[in-house]
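Enquirer: Generate coordinates for the sequence data below:
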Amino acid sequence: MRDTADATPTLGIELSPDDPIPEIVSQGVTAEDAGYDVVFVSCHYNNRDPFATLTRLADATERIRLGPGVANPYELHPVTLAGKTATVAELSGGRAAFGIGPGDPSTLRNLGLDDERGLRSVLEAFKIAQDLWAGERVTHEGTFEADDAGLNFETPGEVPVYVGGEGPHMCRMAGKHADGLLFNGSHPDDLAWARDRVEEGSADRPDDRGAFDLLAYASVSVAHDAAAARGAARPPVAFIVAGAAPPVLERHGIDDDAAATIGDHIAAGEFTEAFELVTDGMIDAFSIAGTPAAVTDRMAALRDHTDGIVVGSPLGPDPETAVELAATAWRESASR
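Expert: So this is what the prediction gives:
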């Protein structure tokens, strides 16, 4: 939902530090060279630290924006989260972005935090962060508390806020209050639905909020071997299915009980069992997986409904190669 008709669609990438940080940094450098606009580093307690990864990326890159994607306001106090993001802004010379959402229910369950998820906590967290980045001291009593908290250093540049979510209320809230929505979806039907919800929220959007990015935060797996690409998509699709809202599952004809069983296996650390339950229909509904030509066609189908895409995990069976293949597919999708 850009204000200008000729705005260039955003091309982002999610890098997941379940691989060693030097490998993630290498992928980030490749992404910058391939023309991506922003890197989001995924945030799960059982992976390597996202902010340590972003620190290394800030040193290794020159142009691309960098941020957590998607952090939640429960594992870290929102003021601490704002400070870590401000540090990324400082280290990168003002290139920070901030992805924040309600978190992954399967992993939050391990921390006893699954009942904390909600829209209000996300909104309060990023509103307080924006005040802190502007140099203000904050006192807050709501889903969290802060008493005269502030940062002892300046936050360079503007830090765009992207809300991660897929529910109707989160989409509307993002449309009204945030700079963008990282919509957890890769199917055109889901993105068309999300666009409608964002436009409902944007009806009350203040004029000074500026342009808005609706980005498909899509699980992408691309390789010249279609079977290998689809096989690599199973783990992230399992997490997506486990966290999908019932209306989303219904839209794609996926049984609630099947999704719940996958979520139970993930919460128990039984990942092999969870991934084996992922069906071809789930892969088609919740990922863009296949050969470069197939991925290009799927990306083309999203362009009418989005302002860009974030190429998400797993990227492909060979992530380093897939970074470039996905960027090429996105560029070529413009002419389909």
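Enquirer: can we go C-alpha only for contacts and neighbour counts from here?
Expert: Will do.
Enquirer: Show me the contact partners of the host helix or strand of residue 85.
Expert: For residue 85, the host element (DSSP states H and E) is helix 78-92. Identification of contacts with helix 78-92 by C-alpha atoms under 8 Å, 6 or more residues apart in numbering yields 51, 54-55, 58-59, 62, 66-68, 73, 95-98, 125-126, 128-129, 132-133, 144, 146, 149, 151, 154-157, 159.
Enquirer: swap the cut-off to 6 Å and go again
Expert: Helix 78-92 has contacts (C-alpha atoms under 6 Å, 6 or more residues apart in numbering) with 58, 95-96, 125, 129, 155-156.
Enquirer: Show me which pair in these is furthest apart.
Expert: Within the contacts of helix 78-92, 58 and 125 form the most distant pair, 23.8 Å apart (C-alpha to C-alpha).
Enquirer: So which residues of the stretch 201-336 of the chain form strands?
Expert: For the stretch 201-336 of the chain, the strands defined by DSSP state E, counting those that start in this stretch cover 213-222, 288-290, 308-315.
Enquirer: roughly how far apart are residue 195 and residue 125?
Expert: Going from residue 195 to residue 125 by C-alpha to C-alpha, to the nearest Å gives 24 Å.
Enquirer: for residue 256, same thing?
Expert: Taking C-alpha to C-alpha, one finds residue 256 at 31 Å from residue 125.
Enquirer: where in the chain is pLDDT low?
Expert: Applying pLDDT under 70 to the chain flags the ranges 1-7, 115-116.
Enquirer: Let me know the secondary structure of the residue of the chain most remote from its centre.
Expert: Most distant from the centre of the chain: residue 148, at 30.7 Å, with distances by C-alpha atoms, centre = their mean. Assigned with DSSP: H, G, I helix; E, B strand; the rest coil, residue 148 falls in the strand class.
Enquirer: cool, and the one 10 residues further on?
Expert: Of the three states, residue 158 takes coil according to three-state DSSP.
Enquirer: Next, the buried residues of stretch 65-75.
Expert: Buried residues in stretch 65-75, defined by neighbour count with 16 or more other C-alpha atoms under 10 Å: 65-74.
Enquirer: what about that stretch, distance to the chain center?
Expert: Taking the mean of its C-alpha atoms, stretch 65-75 sits 9 Å from the chain's own mean (C-alpha atoms, centre = their mean, to the nearest Å).
Enquirer: Now stretch 307-316 - C-alpha only, PDB.
Expert: Once non-C-alpha atoms are left out, stretch 307-316 reads as follows in PDB (Å, rounded to 0.1, in the frame of the first residue of the first chain):
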ATOM      1  CA  ASP A 307       4.300  -4.500  -1.700                       C
ATOM      2  CA  GLY A 308       7.100  -7.000  -1.700                       C
ATOM      3  CA  ILE A 309       8.300 -10.300  -0.200                       C
ATOM      4  CA  VAL A 310      10.600 -11.600   2.500                       C
ATOM      5  CA  VAL A 311      12.200 -14.800   1.300                       C
ATOM      6  CA  GLY A 312      12.000 -16.900   4.400                       C
ATOM      7  CA  SER A 313      13.400 -20.100   5.800                       C
ATOM      8  CA  PRO A 314      14.600 -22.600   4.500                       C
ATOM      9  CA  LEU A 315      15.700 -20.700   1.300                       C
ATOM     10  CA  GLY A 316      16.600 -24.100  -0.200                       C
END
